[in-house]
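# My questions concern the predicted model and sequence given below.
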Amino acid sequence: MRPRDFLVRGLLVGLLAGIAAFLVAHQVGEPQVDAAIALEESAAPAPAPETHTHEDGAAYSHSHADDEGAVVSRATQRTWGLGTGTLAVGVALGGIMALVSAAAVGRLGRLGAAQSTALVVGIGFVAYALVPFLKYPATPPAVGSGETIGSRTGLYFGFVLLSVVAAVVAVLLASRFWQRIGALPAVGGAVVGYVVVMAVAAGVFPVVDELGAFPASTLWSFRLASLLTLAALWGVLALGLAWAVQRLAASAQAVEDRRALAASL
């Protein structure tokens, strides 16, 4: 089984995962986005109209809002824009997870190809998506100041990077010591070490609290929809890639069996 075989299957499964994420985000998440936008627009003060005079002396009112159209319409954002984003993320994650899985096969104890692939994707979900979400959850429109978006983005990706590095180190340590101290103590120690590191990091990283008077029910619904979208994306990745790798392993084993049989004749 070559890395190229993993990559091709990872890209295809990632495409399916992106479609699943789009469907969940469109049906569950977009109504919450619309609700947040409605709250933002209702709270924003209306721009004061300016009075101008035609050359014939007749006065008319004009608001700057008449000139400011959205760069991308809301209809495009929730359809083509959302679909393009989820498909791109799904394909990219599928390719990355496939290559990591190819490198991990045979290096994670007695786990088979499909089992190690599912484990890799599961670790990726926890380290890249779930744990950073718990520290810095998704926020809808009307939440957060535009002046702090750069710092908030930096904090989030810094936390993501730390989580991924900690997870990789934990896996490497577990795979190194499982033969010396046993699989259960090695895996348990790695999990505890990762949890401790990220718990300390969660306490050290600054808290971002810019909710203001945003309704708690709408915020909860938006974050739940975001988490469901992540679960759909990573769930399809885990199941689809494990199934594809299992079929690939079975095909490779069949080829080896035929070669062994031919050599024995």
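That came through fine.
# tell me the helices in the stretch 101-250 of the chain, going along the chain?
113-124, 131-135, 149-181, 183-204, 216-264 (DSSP state H, counting those that start in this stretch).
# domains of this structure?
Listed domain ranges for the chain are 1-40+73-142+215-265, 144-210 (source: automatic domain parsing).
# ok, and which of those has the densest surroundings?
Ranked by mean neighbour count under mean count of other CB atoms under 10 Å, the domains of the chain are led by domain 1-40+73-142+215-265, which reaches a mean of 18. To be clear about C-beta, it is placed using only N, CA and C from the backbone, and glycine gets the same treatment.
# Touching, Ile37 and Pro141? I think so.
Yes - between Ile37 and Pro141 a contact is recorded at 5.1 Å, counting by CB atoms under 8 Å.
# one step back: want to throw the domains of the chain into CSV with mean pLDDT?
Listed next are the domains of the chain as CSV, based on pLDDT from 0 to 100:
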stretch, mean pLDDT
domain 1-40+73-142+215-265, 87
domain 144-210, 88
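# closest to Val89 out of the helices of the stretch 101-250 of the chain?
helix 216-264 (7.2 Å; CB to CB).
# okay, the angle between that closest one and helix 113-124?
160 degrees (axes from the mean of the first three to the mean of the last three CA atoms, to 10 degrees).
# which helices and strands does helix 216-264 pack with?
Helices and strands touching helix 216-264, by 3 or more CB pairs under 8 Å, 6 or more residues apart in numbering; DSSP states H and E, are helix 3-24, helix 30-43, helix 82-104, helix 113-124, helix 131-135.
# Go again with 6 Å.
Judged by 3 or more CB pairs under 6 Å, 6 or more residues apart in numbering; DSSP states H and E, helix 216-264 is in contact with helix 3-24, helix 30-43, helix 113-124.
# Now distance to Ala250 too, for the ones you listed, in TSV please.
TSV is the format used below for those (distance: least, CB to CB, whole Å):
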stretch	distance to Ala250
helix 3-24	13
helix 30-43	40
helix 113-124	9
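# Quick one, which of those gets closest to Ala238.
The nearest among these, by CB to CB, is helix 113-124 at 4.1 Å.
# and the angle from that closest one to helix 3-24?
Using the same axes, to 10 degrees, helix 113-124 lies at 50 degrees relative to helix 3-24.
# Helix 113-124 versus helix 183-204: what angle between them?
20 degrees.
# quick one: helix 113-124 to chain centroid distance?
Taking CA atoms, centre = their mean, to the nearest Å, one finds helix 113-124 lying 16 Å from the centre of the chain it belongs to.
# same check, this time on stretch 2-18
Distance, centroid of stretch 2-18 to centroid of chain: 17 Å (CA atoms, centre = their mean).
# before we move on, what about stretch 95-113?
Taking CA atoms, centre = their mean, one finds the center of stretch 95-113 at 20 Å from the center of the full chain.
# And the contacts of it?
3, 6-7, 10-11, 116-117, 120-121, 124, 175, 178, 183, 245, 249 (CB atoms under 6 Å, 6 or more residues apart in numbering).
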